[in-house]
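# I'd like to go over a predicted model; first the sequence, then the structure.
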Amino acid sequence: MTGTRKRTLSTHAHDPRPARARGTDGDARPTEPRTDDGGLDGALAALALALDKKAVEPVLLDVRELCGYCNYQLVLSGRSDRQVGAIADAIVAGLRDQGVRALGTEQAKGGAWSLLDFGDFVVHVFHHPAREHYDLEGLWIDAPRVAIDVPAEAHLAAEDSYT
């Protein structure tokens with residue numbers, strides 16, 4: 001026929017797995033936990049990378065008994081939208097260098113919140129006003145807090161500003 005073109009489907013057009021289980025390049029990604037520790041080591045590595053970028057007020061939540069999509073949630077803040085992006089980028093790049101790839105990343109318009117999904121653990125990097133608004137620690141109030149070693153400069157005094 002004249003004027004017709006053969007239509008090609010993308011590599012994962014008929015893949016029944018949810019997007020979270022596929023990489024952006026169509027490669028298979030595991031949907032079950034990928035590490036023996038259920039993601040704790042990865043979450044702690046993400047915390048160390050975030051602290052290197054001066055993240056503040058980190059909280060690591062053990063949501064294994066409460067959540068069906070991950071085992072740990074790391075919640076932390078940056079002092080500005082720009083710092084939120086820098087922290088998120090450092091975590092993704094640093095973990096990639098360690099062989100851990102993000103299943104997905106999202107950033108809220110304006111940069112006030114970055115969400116990094118690593119399967120076993122999820123990292124939420126907030127600019128503090130957005131963190132207070134969404135109150136994930138309140139949402140996961142029943143989740144045990146994992147004891148983490150945090151330097152004094154990562155804790156904010158009441159007079160510290162996020163602006």
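Looks like it came in fine. Residues are numbered from 1 along each chain as shown.
# When you work out contacts or count neighbours from here on, use the C-alpha atoms and nothing else.
Noted.
# what helices or strands is the helix or strand bottoming out on mean pLDDT in the chain leaning on?
Ranked by mean pLDDT, DSSP states H and E, the weakest helix or strand in the chain is helix 128-134, scoring a mean of 90. Under the contact definition 3 or more Cα pairs under 8 Å, 6 or more residues apart in numbering; DSSP states H and E, helix 128-134 sits against strand 72-78.
# Give me the contacts around the strand it packs on.
For strand 72-78, contacts defined as Cα atoms under 8 Å, 6 or more residues apart in numbering pick out 39-40, 43, 47, 54-64, 84, 87, 120-128, 131, 136-137, 162.
# gap between residue 49 and residue 136?
Shown here: residue 49 relative to residue 136, a distance of 21 Å by Cα to Cα, to the nearest Å.
# CA atoms only: put the top helix by length along the chain into CSV for me.
The residue-count maximum for a helix in the chain (DSSP state H) belongs to helix 81-97. The C-alpha trace of helix 81-97 is given here as CSV (Å, rounded to 0.1, in the frame of the first residue of the first chain):
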residue,chain,number,x,y,z
ASP,A,81,14.7,24.0,47.0
ARG,A,82,18.1,24.1,45.3
GLN,A,83,19.7,22.1,48.1
VAL,A,84,16.8,19.6,48.0
GLY,A,85,17.8,18.9,44.3
ALA,A,86,21.5,18.7,45.1
ILE,A,87,20.8,16.2,47.9
ALA,A,88,18.6,14.1,45.7
ASP,A,89,21.1,14.1,42.8
ALA,A,90,23.9,13.1,45.2
ILE,A,91,21.9,10.2,46.6
VAL,A,92,21.0,8.9,43.1
ALA,A,93,24.5,9.3,41.7
GLY,A,94,26.3,7.9,44.9
LEU,A,95,24.1,4.8,45.1
ARG,A,96,24.4,4.2,41.4
ASP,A,97,28.2,4.2,41.9
